[in-house]
Structures are given as structure tokens and as C-alpha cells.
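> Build me a model from this:
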Amino acid sequence: MSLRYHTNLPQAEQTAAGIAHPAPLAYGDRVHHDELDTLAHVNNVRYFVWFERLRIRFMEAHNIGTIGDPTSPRIVIRGGEARYLKEMLRDEDYIVTTRCTGFRNTSLTLEQQIWAHGTLRATFTCIMVLLTSDGSARQPIPDHIKAELIKTDGAIQHT
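This next block holds a predicted model:
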């Protein structure tokens, strides 16, 4: 299978790449030489860059926030947990996935994964909080976005 880069991969392509539970948002890429550390595997910081790229796409796809829009809510990470499961090497194709697993009134939980050759390589689970555009208060997630997250991601509303 030839992996398509920088485009959202449909579930069939994710399954063909060995992802057991395809996500609504999944992008492929290849490890580049400048992403390696002195041990010749991907530097841990790069995983966070890859996760961040897809979080931005996720927020924009759901119209939760837009970079450069002064009226857009500020979206911050309240906390998160990363797990590195297996090293990644130069020239490996990989897929980063993102899904919303749940939300409250002003926050949502994202589950992100990195897959290569049908093997889960790293995960990042984080809680994102929406703030007003000036950052002075929390901003509620609009009801239509909550409904979309339930429909597209299977997210669960928590009280």
C-alpha cells in the first residue's frame, strides 16, 4: 500500500495500514532526517509537533478555533499524558490519528496515536480547554459542535 501524505485518510486506508480502530482524522507522513536525534531515531519532541499539527486540523475541521482569527477562542492544553511505545526510524511512513473521546461544557479530551507499519508507536491523551479570545474566562463549546463530536468521533458528554 502506498500511503498518501498530508490528506485526511478514510477509514479503509487506515484499516489497510493496520490501524485497528480508525479515527475520524488521520494524516500520513514520512520521518525525515532532520527529525532524528543522536541515536538515529525520532526525537521525542517531534512526536509533540506531529500531534500538535493534527490538533490544529481537528479544531479547524470542527470550527472550534482558527489560527489568526482574533475572535476565535483560545484553546489550551490543561494536561496530557504521552506514551512512547516503540521507536521510529528515518524514512518510516507513519499515520497520526486524532479523535475526541469526551467533553464537558468548556473542555474536551482528545486521544491521539501514531502508527507505523501496523504498530502503535506513541499515544498522547490531553484535555483541551476553550477560553474566550482574550483568555479571561472559559468559553462553552457550542451545542452544534458537541452534537458533531458525538456523531463524528463517538465522543461522550460528561457532566
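
> where does Phe124 fall, phi/psi-wise?
phi -140, psi 120 (degrees, to the nearest 10).

> And the one 10 residues further on, by the same measure?
Backbone torsions for Asp134, taken as degrees, to the nearest 10, come to phi -90, psi 0.

> any idea how far Ser2 is from Arg55?
Note on Arg55: its distance to Ser2, by Cβ to Cβ, to the nearest Å, is 26 Å. In short, each C-beta sits where N, CA and C put it, glycine included.

> those strands in this structure, which residues are they?
Assigned by DSSP state E, the chain shows strands spanning 25-30, 74-84, 93-103, 107-116, 119-131, 156-157.

> Now these in JSON lines, please, with extra columns for mean neighbour count and mean pLDDT.
Shown next, in JSON lines, are the strands of the chain (neighbours: other Cβ atoms under 10 Å; pLDDT from 0 to 100):
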{"stretch": "strand 25-30", "mean neighbour count": "20", "mean pLDDT": "97"}
{"stretch": "strand 74-84", "mean neighbour count": "13", "mean pLDDT": "96"}
{"stretch": "strand 93-103", "mean neighbour count": "22", "mean pLDDT": "98"}
{"stretch": "strand 107-116", "mean neighbour count": "22", "mean pLDDT": "98"}
{"stretch": "strand 119-131", "mean neighbour count": "19", "mean pLDDT": "97"}
{"stretch": "strand 156-157", "mean neighbour count": "13", "mean pLDDT": "97"}
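
> could I get these as TSV with distance to His41?
Converted to TSV, those look like this (distance: least, Cβ to Cβ, whole Å):
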stretch	distance to His41
strand 25-30	14
strand 74-84	10
strand 93-103	13
strand 107-116	12
strand 119-131	10
strand 156-157	35
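
> ok now do the residue lying closest to Leu9 once chain neighbours are set aside, which residues does it touch?
Closest residue in space to Leu9, ignoring its immediate chain neighbours: Ala26 at 4.5 Å, by Cβ to Cβ, 6 or more residues apart in numbering. By Cβ atoms under 8 Å, 6 or more residues apart in numbering, Ala26 lies in contact with 8-9, 13-14, 19, 95-98.

> and with 10 Å instead?
7-11, 13-14, 17, 19, 54, 95-99, 113, 115 (Cβ atoms under 10 Å, 6 or more residues apart in numbering).

> Sounds good, over and out.
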